[in-house]
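Sequence and computational prediction follow.
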Amino acid sequence: MSKPADRPEVVQLPVETPIVVPASNRRAAAQRVREARDRLTSTSGTRPAFDRELLRQYAQTRISASYVVMLLVVAAGVLFGFWMQPFSAAAWTCGMLCIHAAIFRRCRGFLAEQASSSLTRKWRTRFVLLDLLYGLGWMAILIHPANHNVVSNTLMMFLMLLVIAVSSMLAASLPIAALAATVPVTVAIALNFVLGGTSDNYALAILALAAEGYFVLLAHRLHSTTLATLEARAEKDALIGELEQAKAISDEARHRAEAANVAKSRFLAQMSHELRTPLNAILGFSEVMKSEIFGAHSVPVYKEYSADIHNSGVHLLNLINEILDLSRIEAGRYELNEEAVSLVHVVADCHHLLKLRASSRGIAIHEVFEHGMPRIWGDERATRQIVLNLLSNSIKFTPQGGEIWLKVGWTASGGQYLSVKDSGSGIAEDEIPIVLASFGQGSNSIKSAEQGAGLGLPIAKSLIDMHGGTFTLKSKLRIGTEVIVTFPPERVMSALAPMAEEAPSLQPESTTAAAERRTRNKPIMTAGTGL
């Protein structure tokens, strides 16, 4: 007898795995490119959207503080009326109020206008020029007093600091406008003090310049804080947009999956009857032909063909039933008909059904059952299907002369377990998730002559999950496989204590007898008992 030729060894070259860039890195790179592009198209070094937002905050701040500025202008005009002619002070006050009204009107017009990059630059220039005019107006009134006494110097210094502080706070969103409003006042006051020619005036001039530098730095810090807040808000809005987009994509995918699931359920519901009707006819007629009820075949081979047809029909019917069971379980339409079930009896019955198949392959099945185990509350049909699927898989993948152990006992938490262990070829560790998936098959099952649909283990796992139990599969190559199914302690029916109350009588009780019983059961002394 010639030996079959050795199968040539095929060496698969390693495939280069594509480099997957994390989403966070892609998002950061896209953000850097966007920021660089925005800085190139912006005049202030920030994003164009940030320029618009900073101008909007500037306009809102000037509008909200309009009454404060008007009060400051009127108070300064009244105060300077004592150092100059009242007409000049009133004229200066009216001029400053007109400048303030122009700023207020421009701010309102900016907020009412639509966003545009070209218009943003024009509005920035307008605001800077208006603030420059505003600062020149304050410079005209602060350098007007000619005498340099202590009261005049103190008043000038106080008003200068007040004007610089208010202007810096109002124009913090636009630092160049803050400089335009405060630098003329500071420079004029410093020159006025220097022209005084005394050491005190020199000190006041230095103090004025230092105050200007401090408020400029403060305005810059406020601008940086505002810009950081805008960037954080922009990142938050971008993240919210990505989340909404991802949610829309997931919702669309979910709708498609639901539609596909409904279509699958409708297909299975319609095709189950269409497939089972001809299958029943095939099984019936093939059974008649195989049994030779109407007479022997003229050709003996026809009997074998009839048996093959019958066996194929039974296999196809079982496959259809498994697919329908799995579809009902996945759709949540599988209902458990729960009752008191003896796990030991179910396992013994399944062993008896498959004993002939195991004996034909020379496989020995050993039973290790604990005695005196109570019943469990579950679906007997589902439990029987679990045991049959596990035991038939063990018989299928156990070689001739192998052994199978069936164990039923108590778990450590007080539940009951079922174990099916065989001495088959086993399953690779990385193939266990594939085997437990629907229509999944390991490499050994593909090489085996008895291939199935890959639905036995998934159906068993789904059924035990519906009972609230656990499904554990342990396997090693060339050693064997063990599947452990556990039922929770809540499903074990323990002995109940006897009822303490009297059982109701079978005959209806008369009204007189009921009244006598209530009188007899009534306590004699009712004082102080509340009865």
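Okay, I see it.

contacting residues around Ser286?
Residues near Ser286 by Cβ atoms under 8 Å, 6 or more residues apart in numbering: Ser306, Ala307, Ile309, His310, Gly313. Any C-beta I mention is one placed from the backbone N, CA and C, and that applies to glycine too.

same deal with Ile63?
With Cβ under 8 Å, 6+ apart, Ile63 has these contacts: Phe104, Cys107, Arg108, Leu111.

Pick out whichever of the contacts of Ser286 sits closest to Thr411.
Nearest to Thr411 out of the contacts of Ser286 is Gly313 (Cβ to Cβ; 41.0 Å).

and that closest one, what helix or strand is that in?
helix 301-330 (DSSP states H and E).

ok, which stretches of the stretch 151-300 of the chain are helices?
175-194, 199-291 (DSSP state H, counting those that start in this stretch).

Ok, which of the ones you listed comes nearest Leu455?
helix 199-291 (13.4 Å).

and the angle for the closest one with helix 301-330?
150 degrees (axes from the mean of the first three to the mean of the last three Cα atoms, to 10 degrees).

Assign the residue nearest to Ser494 when sequence neighbours are not counted to helix, strand or coil.
Nearest non-adjacent residue to Ser494, counting by Cβ to Cβ, 6 or more residues apart in numbering: Pro374, 6.2 Å away. The three-state label given to Pro374 by DSSP: H, G, I helix; E, B strand; the rest coil is coil.

isn't Pro374 right up against Val492?
Yes: under the criterion of Cβ atoms under 8 Å, Pro374 makes contact with Val492 at 6.0 Å.

Pick out whichever of these two has more residues nearby.
Val492 (18 against 12; other Cβ atoms under 10 Å).

That one against Gly415, yeah?
Yes: with contact defined as Cβ under 8 Å, Val492 counts as touching Gly415 (6.1 Å).

and Ile329, how many neighbours?
Counted with other Cβ under 10 Å, Ile329 comes out at 18.

quick one, what contacts it?
Ile329 neighbours (Cβ under 8 Å, 6+ apart): Ile459, Ser462, Leu463, Met466.

wait, doesn't the last one sit right on Ala382?
By that I understand Met466. Yes: using Cβ under 8 Å, Met466 is in contact with Ala382, at 7.3 Å.

got any residues that touch both of the two?
Leu336.

Looking at those two, which is more packed in?
More crowded of Met466 and Ala382, by other Cβ under 10 Å: Ala382, with 23 against 16.

Mind exporting the C-alpha coordinates of the strand or helix carrying the more buried one to CSV?
In this assignment (DSSP H and E), Ala382 forms part of helix 380-397. The C-alpha trace of helix 380-397 is given here as CSV (Å, rounded to 0.1, in the frame of the first residue of the first chain):
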residue,chain,number,x,y,z
GLU,A,380,-36.5,22.0,30.8
ARG,A,381,-36.4,22.2,27.0
ALA,A,382,-33.6,24.8,27.1
THR,A,383,-31.7,22.8,29.7
ARG,A,384,-32.0,19.7,27.6
GLN,A,385,-30.8,21.6,24.5
ILE,A,386,-27.8,22.8,26.4
VAL,A,387,-26.8,19.3,27.5
LEU,A,388,-27.4,17.9,24.1
ASN,A,389,-25.3,20.5,22.3
LEU,A,390,-22.4,20.1,24.7
LEU,A,391,-22.5,16.3,24.7
SER,A,392,-22.9,16.0,20.9
ASN,A,393,-19.9,18.3,20.4
SER,A,394,-17.8,16.2,22.7
ILE,A,395,-18.8,13.0,20.9
LYS,A,396,-18.1,14.7,17.5
PHE,A,397,-14.6,15.9,18.3
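
Compute the inter-axis angle for that helix and helix 301-330.
Using the same axes, to 10 degrees: helix 380-397 against helix 301-330 is 130 degrees.

list the contacts for Ala140?
Applying Cβ under 8 Å, 6+ apart, we find Ala140 in contact with Trp92.

Using the three-state scheme, assign it.
Going by three-state DSSP: Ala140 is helix.

what's the spacing between it and His100?
Distance of Ala140 to His100, computed by Cβ to Cβ, to the nearest Å: 15 Å.

how far does the next helix or strand after the helix holding Gly313 sit from the chain's center?
Counting by DSSP H and E, the element after helix 301-330 in chain order, helix or strand, is strand 338-341. Between the centre of strand 338-341 and the centre of its chain there are 39 Å (Cα atoms, centre = their mean, to the nearest Å).

and strand 338-341, what's its mean pLDDT?
The average pLDDT for strand 338-341 rounds to 90.

That strand: which residues count as buried?
Val341 (16 or more other Cβ atoms under 10 Å).

Direction included, what does it pair against?
strand 376-379 (antiparallel) (DSSP bridges).

show me the contacts for Asp465.
Counted by Cβ under 8 Å, 6+ apart, Asp465 has contacts Phe471.

and it, how far is that from Trp377?
According to Cβ to Cβ, Asp465 stands 16 Å off from Trp377.

ok, now Val128?
Computed as Cβ to Cβ, the Val128 to Trp377 distance reads 83 Å.

circling back to that earlier point, now for the helices of the stretch 151-300 of the chain, which one comes closest to Ser88?
Of all these, helix 175-194 sits nearest to Ser88, with 17.2 Å by Cβ to Cβ.

Compute the inter-axis angle for the closest one and helix 199-291.
Using the same axes, to 10 degrees: helix 175-194 against helix 199-291 is 170 degrees.

so how far is helix 175-194 from its chain's centroid?
56 Å.

Okay, buried residues for stretch 185-192 please.
Neighbour-count burial for stretch 185-192, counted by 16+ other Cβ under 10 Å, picks out Val185, Thr186, Ala188, Ile189, Ala190, Asn192.

Stretch 326-343 now?
Under the neighbour-count criterion of 16+ other Cβ under 10 Å, stretch 326-343 has Leu326, Ser327, Arg328, Ile329, Tyr334, Val341, Ser342, Leu343 buried.

right, and the last one touches Pro374 too?
Which is Leu343. No: using Cβ under 8 Å, Leu343 is not in contact with Pro374, being 9.5 Å away.

So for the two, which residues contact both of them?
Counting by Cβ under 8 Å, 6+ apart, nothing touches both Leu343 and Pro374.

which regions of the stretch 251-400 of the chain sit below the pLDDT cut-off?
Under the criterion of pLDDT under 70, the regions of the stretch 251-400 of the chain flagged as low confidence span 265, 268-273, 327, 330-333.
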